[in-house]
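> Give me the fold of what follows.
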Amino acid sequence: MIRALSTSATGLEAQQANIERISQDLANVNTDGYKRSRNEFQDLMYETIKEAGGSLGSGSQTPVGIQTGLGVKVGASHKIFEQGPAKATYHPYDLMIEGKGFFPIQMPNGEISYTRNGTFHLDSTGRVVLTNGGQLIPQIQIPPNALNVTVTGNGEVKAQLPQNQETVLGQIQLITFQNEQGLTALGDGMYRPTAASGAPLQGIPGENSMGSLQQGFVEGSNVNVANSMVDMITTQRGYEMNTKVMGVADQMLGATANIK
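Residues are numbered from 1 along each chain as shown. Predicted structure coming up:
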């Protein structure tokens with residue numbers, strides 16, 4: 001009965017972790033480039049009371065054993081990098097990656113991070129930056145007399161200058177990883193690589209399985225509200241069942257303690 005109390009407590013902790021994950025996803029349902037998360041649960045170690053295949057005497061063996069589980073734990077929590085919906089903004093510096101890839105960004109502290117959020121703007125010097133101050137790399141600088149800026153699907157940035165002159169301003173590069181789920185989320189839609197994600201692989205948009213670019217669009221959050229609500233109901237019921245088990249175990253323990 002004491003074991004039932006501790007086992008159900010691990011269930012409460014697991015369901016609490018799940019509801020926290022769901023609340024994070026729902027809070028970011030309108031966050032551009034946000035990727036929903038997933039928790040993976042694993043059962044804890046077992047106490048073996050009788051080993052399967054143990055001897056029963058007279059040369060016979062037991063076909064099954066007896067094991068008692070000790071609960072559950074969160075084994076992993078990672079992002080699901082499926083494509084989010086396209087949101088038309090018609091802003092010339094908004095870019096959406098259609099397919100695999102990340103924008104490489106140099107943060108104000110000099111660190112290189114990666115993002116799917118393509119809501120870019122121009123700073124006072126004409127450089128393409130995010131709202132958090134991170135600069136797109138390779139650096140793209142828009143001249144002040146540019147009349148029209150276009151970004152092709154393969155990342156080539158062109159500008160129309162006075163007297164109908166067209167010039168190429170730069171080439172946007174994308175980054176992929178062998179294991180995207182191994183990336184560490186930093187907030188602000190940014191990620192950094194780890195030993196599990198592998199080294200960043202650079203390429204031209206639209207080539208070698210890289211996604212292509214869409215100008216005037218941003219990628220919305222890939223959170224599915226209906227699925228998240230179903231997950232929330234299931235998690236709530238799981239939490240309630242574990243509290244019920246804890247209450248029953250407490251009643252049984254109380255009945256045992258009150259035996260006269």
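> Verify the assumption that Ser23 is located in a helix.
Yes - the assignment for Ser23 is a helix, going by DSSP: H, G, I helix; E, B strand; the rest coil.
> Let me know how buried it is, in neighbour terms.
A count of nearby residues for Ser23, using other CB atoms under 10 Å, gives 12. For every residue, glycine as well, the C-beta is placed using N, CA and C.
> roughly how far apart are Ile172 and Gln139?
Applying CB to CB, to the nearest Å, the value for Ile172 to Gln139 is 11 Å.
> More neighbours: these two, which one.
Set Ile172 next to Gln139 and count neighbours by other CB under 10 Å: Ile172 wins out with 23 against 11.
> which residues does the residue nearest to the more buried one when sequence neighbours are not counted contact?
The spatially closest residue to Ile172, leaving aside those adjacent along the chain, is Gly155, at 3.5 Å (CB to CB, 6 or more residues apart in numbering). Contacts of Gly155 were listed using CB atoms under 8 Å, 6 or more residues apart in numbering, and they are 171-174, 204-206, 213.
> where's Gly155 relative to Thr235, distance?
Distance from Gly155 to Thr235, counting by CB to CB: 41 Å.
> Same check on Ser209?
Taken as CB to CB, the span from Ser209 to Thr235 is 36 Å.
> The two: who's more crowded?
Each of Ser209 and Thr235 has its neighbours counted (other CB under 10 Å); Thr235 has more, 20 against 11.
> Can you show me the strands along the stretch 1-150 of the chain?
37-43, 46-50, 55-57, 60-61, 66-69, 72-79, 86-88, 95-98, 103-106, 112-115, 121-122, 128-129, 135-136, 148-151 (DSSP state E, counting those that start in this stretch).
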